[in-house]
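1. curious how this folds, go ahead:
(one chain, ligands or ions: 1)
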Amino acid sequence: MAAPTEDSLSAFKSKLRGKLVTPKDPGYDDARKVYNAMIDKHPRLIAQCMDVADVMQCVSFARDHNLLLAIRGGGHNAGGLGVADDALVVDLSGIKYTRVDPAGRTVTVGGGCLWGDVDHATHGFGMATPSGVLSTTGVGGLTLGGGIGHLTRKCGLTIDNLLSAEVVLADGRFVKASADENPDLFWALRGGGGNFGVVTAFTFRLHPISTPYAGPILYDIAETASVMKWYREFMSAAPDDLNGFFAFLVVPPGPPFPEHLHMKKMCAVVWAYTGDSAKAEQVFKPIRDFKKPALDLAGPIPHPALQSMFDPLYPPGLQWYWRADFFNDLSDKAIEQHVRFGNELPSMLSLMHMYPIDGAAGRVGKTDTAWNYRGSRFAVVICGVDPDPANNDKIISWCKSYHDALHPYSAGGAYVNFMMEEGQERVKASYGDNYNRLAAIKAKYDPNNLFRVNQNIKPAAAA
Ligand SMILES: Cc1cc2nc3c(=O)[nH]c(=O)nc-3n(C[C@H](O)[C@H](O)[C@H](O)COP(=O)(O)OP(=O)(O)OC[C@H]3O[C@@H](n4cnc5c(N)ncnc54)[C@H](O)[C@@H]3O)c2cc1C
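-> Numbering: from 1, shown residues only. This next block holds a predicted model:
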């Protein structure tokens, strides 16, 4: 395994259809940037792949020259796992296409698509597949980690709607993974992250979802305890058609928010109802009867508009610090901690989101996919966010203290897509009982751990 030489590098470059960016190139600083500006990594090479053949070249080159390999989908990962120091970055953003099969109700998308690309393509046919709550997130990372969003309770996680994937493996082979082809790989891809290969295409099931009745309903922060207790009971009896995640926020100083609420700390539930539209007002009646909110922005909205509602608030280039956990319930003791830290939100963009993961997602078996926390009720994420690195100490310390105070009430592990680099024990806790099976599949498909810039599953030692 020789280190790359000038000759081997130029041979590699000549085999790529996409551009190979090096630290000497003027575009290098832009090409190495990821969504979270707290991440500042300096890769050795960035291959802006245009097709599967480019990806195969990259995998072989990294393997044969003992180079660290990082895979970049949308570049949104909390811990910046789409890039790494001294690595060859396989940048998939040029592999961007969508193909809807309206009769078969599926969409096939290139490995470098963002969710906005997919929503745009499928909405034209009056359909959607579950993703997250921002349109700028990459399909690759979000899907491989699980995928929680507005459609979780109705349609399941994103992985529950994944029908097949096309994958470049560590040995350079190109394979398909589905229920019928390489089913062990297909099982591992559904939650196991980028540990098993580079996914160059995903095929998802589509649902007839076009115009949900959705949006945030805001309450004064002083109402947190009563809203949380009501939310806990209400959600346990809510139909799958109704999703609602709880949030802490600071009201942005601009439309559509009325001036008297600007910059106020508030709590909210961000609703999304995807059942019969004629029944929407009826479904929202108990929500509106519960308490007069400070602001009610729920109403009919095209699905892509719902998916991109928060994009303008959270452009790339902000400082982000993340912590997360799964919860089996929302206890009164946990609520006390939420009340405390919600009141101490350290900046306008910092947040806590509590996503329900019951409904359709909760009915999938714990061992049916690699995603272990089926049966838990909530995935909580706490993010300290600010544009100014000078405030990093403040947002990090709030995020860590909030997490430390809440963690004792959690189910133990966290959703891998909401984690930063937090060590092997945290990765194991996130996969629970499924970890050993994942490690065995890793040993089969990637025995030398070529794909290790991720929440890493170590290959099981040979017996
Ligand atoms: C503002 C914001 C909002 C978010 N909202 C949600 C949400 O609502 N729901 C949710 O579930 N998650 C959400 N996330 C988390 C998101 O799912 C993860 O950050 C995810 O890793 C992003 O995927 P990406 O492709 O953009 O990331 P990248 O940084 O490009 O990659 C992340 C990881 O996935 C691997 N990877 C990416 N693409 C591929 C591929 N094609 N093949 C193999 N490996 C690949 C990478 O190697 C890396 O380890 C959000 C993140 C942010 C920053």
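
2. switch to C-alpha atoms for all contacts and neighbour counts from now on
-> Will do.

3. got the residues of the chain near the ligand?
-> Within the chain, the positions adjacent to the ligand are 70-78, 80-82, 111, 132-134, 137-142, 147-149, 193-194, 197-200, 417-418, 453-454 by C-alpha under 6 Å from any ligand atom.

4. poorly predicted segments of this protein, please.
-> Scanning the chain for pLDDT under 70 picks out 1, 462-463.

5. need the next SSE after the helix ranked longest in the chain, C-terminal direction.
-> With secondary structure taken from DSSP state H, the chain has its longest helix at helix 392-406. With elements assigned by DSSP states H and E, the helix or strand that comes after helix 392-406 is helix 424-431.

6. on contacts alone, who are the packing partners of that following helix?
-> Applying 3 or more C-alpha pairs under 8 Å, 6 or more residues apart in numbering; DSSP states H and E, we find helix 424-431 packed against no helix or strand.

7. got the contact list for it?
-> With contact meaning C-alpha atoms under 8 Å, 6 or more residues apart in numbering, helix 424-431 is reached by 370-373, 412-416, 435, 455-457.

8. what about 6 Å?
-> By C-alpha atoms under 6 Å, 6 or more residues apart in numbering, the residues outside helix 424-431 that reach it are 372, 413, 414.

9. likewise stretch 4-12?
-> residue 65.

10. picking up where we left off before, so which of the residues of the chain next to the ligand belong to helices?
-> 139, 140, 141, 142.

11. ok, the nearest residue to residue 310 once chain neighbours are set aside - contacts?
-> In space, and not counting its chain neighbours, residue 310 is closest to residue 134: 6.2 Å by C-alpha to C-alpha, 6 or more residues apart in numbering. By C-alpha under 6 Å, 6+ apart, the contact list for residue 134 reads 307, 308, 311.

12. any chance of the residues you listed in TSV, plus neighbour count and secondary structure?
-> Below are those laid out as TSV (neighbours: other C-alpha atoms under 10 Å; DSSP: H, G, I helix; E, B strand; the rest coil):
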residue	neighbour count	secondary structure
307	21	helix
308	18	coil
311	16	helix
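
13. distance of the residue most central in space within the chain relative to residue 403?
-> Centroid-nearest residue in the chain, with C-alpha atoms, centre = their mean: residue 142, separated by 3.7 Å. Residue 142 sits at a distance of 22 Å from residue 403 (criterion: C-alpha to C-alpha, to the nearest Å).

14. and residue 131, by the same measure?
-> 25 Å.

15. just the strands in the stretch 251-400 of the chain please.
-> 265-273, 295-296, 299-300, 319-327, 351-356, 378-386 (DSSP state E, counting those that start in this stretch).

16. which one of the contacts of residue 134 is nearest to the ligand?
-> Set against the ligand, the nearest of those by C-alpha to the nearest ligand atom is residue 311 (8.0 Å).

17. how about the residue nearest to residue 411 when sequence neighbours are not counted, what does it touch?
-> Counting by C-alpha to C-alpha, 6+ apart, residue 411 lies nearest to residue 327, which is 4.9 Å off, once chain neighbours are set aside. By C-alpha under 6 Å, 6+ apart, residue 327 lies in contact with 376, 377, 378, 410, 411.

18. what about the second one, neighbour count?
-> The reference is to residue 377. 24 (other C-alpha atoms under 10 Å).

19. identify the residues contacting it.
-> Contacts of residue 377 were listed using C-alpha under 6 Å, 6+ apart, and they are 327, 328, 329, 356, 357, 358.
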